[in-house]
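Enquirer: Need a 3D model of the following:
(one chain, ligands or ions: 1)
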Amino acid sequence: MSMFKDIPVEVGVIFEGERIRRNDMQVELGGPKVDQKFEIAKVKPMDQIEDGKVVIVGPDLKDLKEGGEYPLGILIEAAGAQLDPGLEGVIERRLHGYLNYIEGFMHLNQRYDIQIRLGKKSFQKGLNTFEIIGKVLYRLFKNELPIIEKLQITFITDISKIGSLYTDALASYEARDAKARGLKDNEVPEFYGCVLCQSFAPSHVCVITPQRYSNCGAISWHDGKASASIDPKGPIFAIPRGDVINEEKGEFSGVNEAAKKRSMGEVTKVWLYTAFDHPHTSCGCFEAVTFYIPEVDGFGIVHRTFKGVTVNGLPFSTLADSTAGGRQIDGFHGMSLEYMRSSKFFAADGGWNRVVWVPKEVKEKVKDFIPKDIIGKIATEDDAKGIDDLKTFLKEKNHPIVAKWTTEEAPATEAETEATPVMTASTLPISAGGFKIILTDAKIYASKVVIKKDESKTEKR
Ligand code: ZN
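Expert: You can find the predicted model right below:
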């Protein structure tokens, strides 16, 4: 049932988890093939905004070639007597939910990394202009966040206009993130939870603390606080921290309770500062994946826009698929890039001393936050293309993990792996012969594990 009679397609929460496959899409906006794309919210003075205005800069949806991929910038400008720039991140993140409410419209990721698809069916029904998208957004924003008094929305598809706005947007994200740094988890009485991603990952509850950004990298603790205060019944809510159960691993009674309640009992324990045993769940929109490399007992990290394969031979998409969906997978962790700038970054696992491989683009982005004595010892795609290269590199540079190899046995080789679980999971769904089997607290032992893409189910990128 549509919320709006004058809109040619339905709009409602039920469309939130809708996926649009490549074959069914009219156009893709942003996405991996497009370098410059962004969405950003700006709070402006009242007199600088024309309430309800939708501006389209460049070709409109109906002018874009069927099946094509195009750059897109979305600029949300809001004004209100009680609005301040501290709410920009909150307003901006709502785009994810609201755009997904539109039938035949799919929005993934955030900030500089958006991927949007318009389905052919909805296009044929008349959803062929940004004018309509803007109208829907305008109404949802005004309805759900009454603190916004005036709202103006601009869609930019003109490639010649996107560049400078994109650069501005990147600077704004960085300024926002920088502002959020410094505060510590043990200095606040409350954390925040986010269930914006439950439409795609039903058991996922993002726990946002001063030292742990949301997985998507778009919501800081300050954003969480602002959102919960202006819209306490919304998707972002306060989590009283409760008792510290385990300081090192980052276990708090309030977090466990909130995770249990909001995941319908699926997740009962969350450890915030480790990738092992009870790692934070991973939704689908995380900026990067941390993956355990048993051969060297260290972590590899890969970000969403990394084009090649990682040191274990797998691309981001495969690693993301084996991490996502709201599960807790031992040794795998979907996370924000900002978490890598936190002093709690996998603190219980050794922090940066446990990281052995990172794409050079990510290393460059977070280099000021990597301890000086370790930075040169972490391999990038230029230093190691495979596990053997990696071992050689780590030994040569005397990476701290190498000392662990000699004291606790050489790192696992194929013959030795049977003693170590290759995968443990608090719950692990398996589909077989029409049944869905869920293993609880499973540890799987194997002499060899092959993670393969199911080509029949995975679309071509
Ligand atoms: Zn998410």
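
Enquirer: Beta-bridge partners for Gly68, please?
Expert: When bridges are assigned using DSSP bridges, the partners listed for Gly68 are Val27.

Enquirer: So Tyr138 sits against Ile49, correct?
Expert: No. Taking contact to mean C-beta atoms under 8 Å, the distance of 11.7 Å between Tyr138 and Ile49 leaves them out of contact. C-betas here are computed from N, CA, C, even on glycine.

Enquirer: Map the structural domains onto the sequence of this protein.
Expert: Taking automatic domain parsing as the domain assignment, the ranges for the chain are 13-180, 244-419, 422-461.

Enquirer: right, so of these, which gets closest to the ion?
Expert: Each of the domains of the chain was checked against the ion via C-beta to the ion, and the shortest separation belongs to domain 244-419, namely 3.2 Å.

Enquirer: Let me know whether that closest one sits next to the ion.
Expert: Yes. Using C-beta under 5 Å from the ion, domain 244-419 reaches the ion at Cys283, Cys285.

Enquirer: What's the mean pLDDT across that domain?
Expert: The pLDDT scores in domain 244-419 average 92.

Enquirer: so what's Tyr166 up against?
Expert: By C-beta atoms under 8 Å, 6 or more residues apart in numbering, the contact set of Tyr166 is Gln36, Lys37, Phe38, Gly73, Tyr112.

Enquirer: With Glu103 instead?
Expert: By C-beta under 8 Å, 6+ apart, Glu103 lies in contact with Val9, Glu10, Val11, Gly12, Phe15, Glu18, Ser122.

Enquirer: what's the answer for Ile374, then?
Expert: Trp352, Asn353, Val355, His399, Pro400.

Enquirer: which one of those is nearest Glu248?
Expert: The shortest distance between Glu248 and any of the contacts of Ile374, using C-beta to C-beta, involves Asn353 and amounts to 14.8 Å.

Enquirer: Next, count neighbours for the closest residue to the closest one other than its chain neighbours.
Expert: Excluding its sequence neighbours, the residue lying closest to Asn353 (C-beta to C-beta, 6 or more residues apart in numbering) is Pro400, at 4.5 Å. Here the count is done by other C-beta atoms under 10 Å, and Pro400 has 17 residues near it.

Enquirer: Just to check, Pro400 is in contact with Lys377?
Expert: Yes. Counting by C-beta under 8 Å, a contact exists between Pro400 and Lys377, whose distance comes to 7.5 Å.

Enquirer: Can you pull the phi and psi angles for Ala78?
Expert: Taking degrees, to the nearest 10, you get phi -130, psi 150 for the backbone angles of Ala78.

Enquirer: Tell me the bridge partners for it.
Expert: Beta-bridge partners of Ala78, counted by DSSP bridges, are Val43, Leu151.

Enquirer: Could you pull up the contacting residues of it?
Expert: Taking C-beta under 8 Å, 6+ apart as the contact definition, Ala78 lies against Ala41, Lys42, Val43, Lys44, Ile49, Leu87, Ile91, Phe141, Ile148, Lys150, Leu151, Gln152.

Enquirer: let's see 10 Å
Expert: Contacts were defined as C-beta atoms under 10 Å, 6 or more residues apart in numbering; by that measure Ala78 touches 41-44, 49, 51, 87-88, 91-92, 141-142, 145, 147-153.

Enquirer: are any of those residues buried, and which?
Expert: Members of these that pass the buried threshold by neighbour count (16 or more other C-beta atoms under 10 Å) are listed as 41-44, 49, 87-88, 91-92, 141-142, 145, 147-148, 150-153.

Enquirer: residue contacts, Gly67?
Expert: Residues counted as contacts of Gly67 (C-beta under 10 Å, 6+ apart) are Arg22, Asn23, Met25, Gln26, Val27, Glu28, Lys120.

Enquirer: All the strands of the stretch 1-150 of the chain, in order from the start?
Expert: Ranges of strands within the stretch 1-150 of the chain are 25-30, 37-43, 54-57, 68-70, 72-79, 105-108, 115-119, 150-156, based on DSSP state E, counting those that start in this stretch.
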